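Undergrad: Requesting a structural model of the entry that follows:
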Amino acid sequence: GNESFWLIGQPDVEVLPSPHGRGDPPLGAPSGVGGVLYQVTVRGFDYYNTRTGGIESGGEDKIAVWMLDTDYDGRSLYPRQVFFPMAGEKDGWARLARNLKAEIDEELIEAYRGTVSLPFELGKHKRVAVKIVDDRGIESLRVLEVE
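TA: Next comes the predicted model:
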């Protein structure tokens with residue numbers, strides 16, 4: 001009868017080449033040879049509820065925070081991008097910037113409030129990992145191989 005126990009959870013994510021094209025060339029590469037840029041889109045999540053035996057889904061509006069590791073090594077998650085989709089104008093990165101009294105790029109703060117990552121180049125492991133935490137504090141992870 002423990003309603004907080006979830007056996008299996010998985011974010012609904014997609015990795016696609018970015019419409020922004022190519023990135024900076026890798027160190028030592030000939031000029032104009034940048035890597036392909038990718039972007040991750042998070043659409044929501046599914047959990048298997050052991051109490052009811054059913055699948056429960058949550059949309060983008062139920063994601064408190066999600067993290068992206070663009071070079072997942074299979075051992076530990078290193079969040080290279082962190083997003084707060086539920087954060088209001090006074091929460092998340094905006095709150096951090098205000099507390100640090102830092103000059104912030106408002107467009108960038110808005111981008112980190114969404115469910116589409118910033119463009120990135122794949123790391124040497126050719127895997128990305130997406131970890132989400134929903135509005136109840138339940139975490140789930142999805143690892144995707146990218147070719």
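Undergrad: Who are the packing partners of the top strand by length along the chain?
TA: For the chain, the strand with the greatest residue count under DSSP state E is strand 6-22. Judged by 3 or more CB pairs under 8 Å, 6 or more residues apart in numbering; DSSP states H and E, strand 6-22 is in contact with strand 36-49, strand 127-134, strand 139-145. For the C-beta atoms, the positions are set from N, CA and C on the backbone; glycine is no exception.
Undergrad: Identify the spatial nearest neighbour of residue 9, chain neighbours not counted.
TA: Residue nearest to residue 9 in three dimensions, not counting chain neighbours: residue 140, with 3.3 Å by CB to CB, 6 or more residues apart in numbering.
Undergrad: What separation is there between the one you found and residue 52?
TA: Residue 140 sits 18 Å away from residue 52, going by CB to CB, to the nearest Å.
Undergrad: More neighbours: the two, which one.
TA: Neighbours per residue, other CB atoms under 10 Å: of residue 140 and residue 52, the larger number sits with residue 140, 18 against 9.
Undergrad: Residue 132 is in contact with the more buried one, correct?
TA: Yes - using CB atoms under 8 Å, residue 140 makes contact with residue 132 at a distance of 5.7 Å.
Undergrad: any shared contact partners between these two?
TA: Shared contacts of residue 140 and residue 132 (CB atoms under 8 Å, 6 or more residues apart in numbering): 11, 45.
Undergrad: Could you report the distance from the closest residue to residue 72 other than its chain neighbours to residue 78?
TA: Nearest-residue entry for residue 72: residue 129, 3.8 Å, with adjacent residues in sequence omitted and distances by CB to CB, 6+ apart. Counting by CB to CB, the gap from residue 129 to residue 78 is 9 Å.
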